[in-house]
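Peer 1: 3D model of this:
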Amino acid sequence: MAADMKNIFIVDDDESVCRALKCLLMTFGYAVETFLSGKAFFDAVADTTPGCLVLDIHLPGLDGWEIQNRLALAGSKRHIIFITAERNNGARERALKTGALGFLQKPFTDQALMDLVQVAVEAKEKE
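Peer 2: Reported below is the predicted structural model:
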């Protein structure tokens, strides 16, 4: 596994979601950092820092779409997995059309997230 894909960044304004996902991913050996807003994420993590981003769509300040756009404009190659409680089917289509690696609707299973993280790892290894 590529060392840089051991980094997982979670941006979700729900602390309990951040805590649960961090515990899950750390169990599988990932280095996980959590952020409650896009601003906190951008303040702490450079656009060029490698890893995978698990990103909620609805956030205070910058929403998930704005974060994805900002990363794309900066040339970031970081894979994004969107997570949301939104029931809008158009959100899934938009996420995948705009380059997200995956899209999970809350509540989702641990296995569904781990499967997408594995896809991100494998995709990064092929680059």
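Peer 1: could you export stretch 24-32 as PDB, CA atoms only?
Peer 2: Taking C-alpha atoms only, stretch 24-32 is exported to PDB below (Å, rounded to 0.1, in the frame of the first residue of the first chain):
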ATOM      1  CA  LEU A  24     -13.000   2.500  12.300                       C
ATOM      2  CA  LEU A  25     -10.300   3.700   9.900                       C
ATOM      3  CA  MET A  26      -7.600   3.700  12.600                       C
ATOM      4  CA  THR A  27      -8.500   0.000  13.300                       C
ATOM      5  CA  PHE A  28      -7.300  -0.700   9.700                       C
ATOM      6  CA  GLY A  29      -4.000   1.200  10.200                       C
ATOM      7  CA  TYR A  30      -4.900   4.500   8.700                       C
ATOM      8  CA  ALA A  31      -3.600   7.900  10.000                       C
ATOM      9  CA  VAL A  32      -6.800   9.800  10.400                       C
END
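Peer 1: pull the distance from that stretch to the chain's centre.
Peer 2: Once both centres are worked out by CA atoms, centre = their mean, to the nearest Å, stretch 24-32 turns out to sit 14 Å from its chain's centre.
Peer 1: ok, now stretch 81-99?
Peer 2: Averaging C-alpha coordinates over stretch 81-99 and over its chain gives two centres that are 12 Å apart (CA atoms, centre = their mean).
Peer 1: repeat for stretch 28-47
Peer 2: In terms of CA atoms, centre = their mean, the centre of stretch 28-47 is set 9 Å apart from its chain centre.
Peer 1: residue closest to the middle of the protein?
Peer 2: Val54 (1.6 Å; CA atoms, centre = their mean).
Peer 1: so what's that one scoring on pLDDT?
Peer 2: Looking at Val54, its pLDDT is 98.
Peer 1: that one against Phe9, yeah?
Peer 2: Yes - counting by CB atoms under 8 Å, Val54 does reach Phe9; the two are 7.1 Å apart. C-betas here are computed from N, CA, C, even on glycine.
Peer 1: what comes into contact with stretch 14-33?
Peer 2: Residues from elsewhere that reach stretch 14-33 (CB atoms under 8 Å, 6 or more residues apart in numbering): 6-10, 12, 34-36, 44-45, 54, 56, 83, 106, 110, 113-114, 117.
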